[in-house]
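Asks: Here is my input; please provide its structure:
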Amino acid sequence: MKKGLIVLVALIGLGSAAVAAEDGAALYKKCATCHGAQGEKAALGKSKIIKDLGVAGIITALKGYKDGTYGGPMKGVMKGQSAPLNDAQIEAIAVYIAK
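Replies: Numbers count the residues shown, from 1 in each chain. Got it, this is the predicted structure:
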């Protein structure tokens with residue numbers, strides 16, 4: 001019985017990770033215009049290459065843009081882009097980009 005429960009919990013966890021990655025891909029579509037399909041472009045020639053930031057760096061940046069504590073020349077644009085995102089969506093985007 002324990003083995004079955006452990007397998008079930010593991011499968012649920014894998015399913016959650018797949019859903020988060022899928023959500024991240026869908027959420028990232030609006031970002032790709034400026035940042036590139038894989039986060040490989042400097043948006044408008046001014047941003048960092050976001051795929052190089054890693055999950056924690058992307059989360060820090062998006063949350064900072066959202067609350068106004070992070071950013072350079074594009075701070076205003078990114079505040080508007082990040083404002084509607086909740087923490088789970090920010091994490092899903094970060095995981096998708098950093099993969």
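Asks: drop to CA atoms for contacts and neighbour counts, all remaining ones
Replies: Will do.
Asks: which residues in this structure form helices?
Replies: With helices called from DSSP state H, the chain shows them at 2-35, 54-67, 75-82, 87-98.
Asks: mean pLDDT lowest for which of those helices?
Replies: Note on the helices of the chain: lowest mean pLDDT is at helix 2-35, with a mean of 66.
Asks: What count of nearby residues applies to residue 99?
Replies: Counted with other CA atoms under 10 Å, the neighbours of residue 99 add up to 10.
Asks: Residue 41 too?
Replies: Using other CA under 10 Å, residue 41 is surrounded by 19 other residues.
Asks: do the one 3 residues further on as well
Replies: Other residues within reach of residue 44, judged by other CA under 10 Å, total 10.
Asks: now residue 96
Replies: Counted with other CA under 10 Å, the burial measure for residue 96 works out to 22 neighbours.
Asks: how much space is there between it and residue 90?
Replies: 10 Å (CA to CA, to the nearest Å).
Asks: Same question for residue 84.
Replies: In this structure, residue 84 and residue 90 are separated by 10 Å, where distance is defined by CA to CA.
Asks: With neighbour numbers in mind, choose between those two.
Replies: Between residue 84 and residue 90, counted using other CA under 10 Å, residue 90 has the larger neighbour count: 23 against 10.
Asks: Tell me who's in contact with the more buried one.
Replies: The neighbours of residue 90, taking CA atoms under 8 Å, 6 or more residues apart in numbering as the test, are 59, 62-63.
Asks: Can you check those residues and name whichever has the most neighbours?
Replies: Neighbour tally across those (other CA under 10 Å): the maximum, 25 neighbours, falls on residue 62.
Asks: Touching, that one and residue 82? I think so.
Replies: Yes - the criterion here is CA atoms under 8 Å, and residue 62 meets it with residue 82 at 6.1 Å.
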